[in-house]
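**Student:** Model the following, please.
(one chain, ligands or ions: 1)
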Amino acid sequence: MGPEISDDDPEAIDYGRWLFTQPCDFVIGCASLSQVPETSLPEIAFAGRSNVGKSSLINALVGQNALARTSNTPGRTQQVNFFELGKRLMMADLPGYGYAKAPKDLVRQWTGLVNSYLKGRVQLRRTCVLIDARHGLKESDEVIMSMLDKAAQPYQIVLTKADKIKDSALQKLIETTQTAIAKHVASHPVIMPTSSRKGLGITELRASLAAFARPLE
Ligand code: GDP
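**Tutor:** Residues are numbered from 1 along each chain as shown. This is a model prediction of the structure:
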């Protein structure tokens, strides 16, 4: 399942901090698998419902304001956006899901694109499934978690907008989410609370994701 990371390991924290200050460049936006970049770099992916705070989180991780943008609005072409970090780690921003009024065609397109990506991407090491701390797991999150299980792609839950709820509610949400994901075979048990707005959990998430990067020579 990849390296085990301790959030309070000072070396991991330092490496994460260093890696995420390296240049991060947009590589390509892919609407179909044929366009997905061929690369041997280890990859991490980000998935989540539309409006979960995915762009904000990616921007917070790399310390840039406008790298990832919310562009996956209904009706627009859905894409997987690739970013290369410090020539050591590829980051794939998967199209958002869970629009209440999404037309069937759009859902089909999303499912086809994401499924083919998950099934074919051998260098993918970890997917972060982002969950809005105010809402918890929704049915559409269960859908992507099942897709990840079936594709045998390991993933972890990252809670977003943790600043929006009280600490006690956050603790409770972590516990109920842990119970809910236990039945998912490819899920990692550690649930990370974050707030892009307040900078909460960003250092820890950087450290955990940096562990998948191509090692320094
Ligand atoms: P995306 O559609 O998943 O890429 O979501 P965005 O990053 O565009 O964020 C959606 C909305 O949530 C925006 O209005 C953001 O300002 C807000 N948002 C994102 N992250 C946070 C956070 O950590 N705390 C709070 N309070 N709001 C956030």
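**Student:** And the next helix or strand past the helix or strand Ile13 falls within?
**Tutor:** Using DSSP states H and E, the element containing Ile13 is helix 10-19. Under the assignment DSSP H and E, the closest C-terminal helix or strand after helix 10-19 is strand 24-30.
**Student:** What's the local residue count around Leu94?
**Tutor:** By other CB atoms under 10 Å, the residues close to Leu94 number 24. From N, CA and C alone the C-beta is placed, and that goes for glycine too.
**Student:** My error: substitute Ala102 in the last question.
**Tutor:** Other residues within reach of Ala102, judged by other CB under 10 Å, total 17.
**Student:** Next one, pLDDT for it please.
**Tutor:** On the pLDDT scale, Ala102 is placed at 82.
**Student:** Likewise for Ala68?
**Tutor:** For Ala68, the model assigns a pLDDT of 76.
**Student:** Tell me if I'm right that it and Ser55 touch.
**Tutor:** Yes - counting by CB atoms under 8 Å, Ser55 is a contact partner of Ala68 at 4.1 Å.
**Student:** Alongside the ligand, which residues does this protein contribute?
**Tutor:** By CB under 6 Å from any ligand atom, the residues of the chain that approach the ligand are 48, 50-56, 70, 96, 160-161, 163-164, 195-197.
**Student:** The residues you listed in helices, which ones?
**Tutor:** Using DSSP state H, the subset of the residues of the chain next to the ligand located in helices is Lys54, Ser55, Ser56.
**Student:** buried subset of these?
**Tutor:** Lys54, Ser55, Ser56 (16 or more other CB atoms under 10 Å).
**Student:** nearest to Val27, of those?
**Tutor:** Nearest to Val27, judged by CB to CB, of those is Ser55 at 16.2 Å.
**Student:** And the closest one, how far from Ala182?
**Tutor:** Distance of Ser55 to Ala182, computed by CB to CB, to the nearest Å: 30 Å.
**Student:** count of residues packed around the residue nearest to Phe212 when sequence neighbours are not counted?
**Tutor:** Closest residue in space to Phe212, ignoring its immediate chain neighbours: Arg125 at 4.2 Å, by CB to CB, 6 or more residues apart in numbering. Using other CB under 10 Å, Arg125 has 21 neighbouring residues.
**Student:** Helix or strand: which one has Arg125?
**Tutor:** In the assignment (DSSP H and E), Arg125 maps to strand 124-132.
**Student:** What lies in contact with whatever helix or strand comes next after that strand?
**Tutor:** Taking DSSP H and E as the definition, the helix or strand that follows strand 124-132 towards the C-terminus is helix 139-150. Identification of contacts with helix 139-150 by CB atoms under 8 Å, 6 or more residues apart in numbering yields 47-49, 97-98, 111, 114-115, 118, 127, 129, 131, 154-155, 181, 184-187.
**Student:** Quick check: which ranges of the protein have low pLDDT?
**Tutor:** Scanning the chain for pLDDT under 70 picks out 1-7, 70-77.
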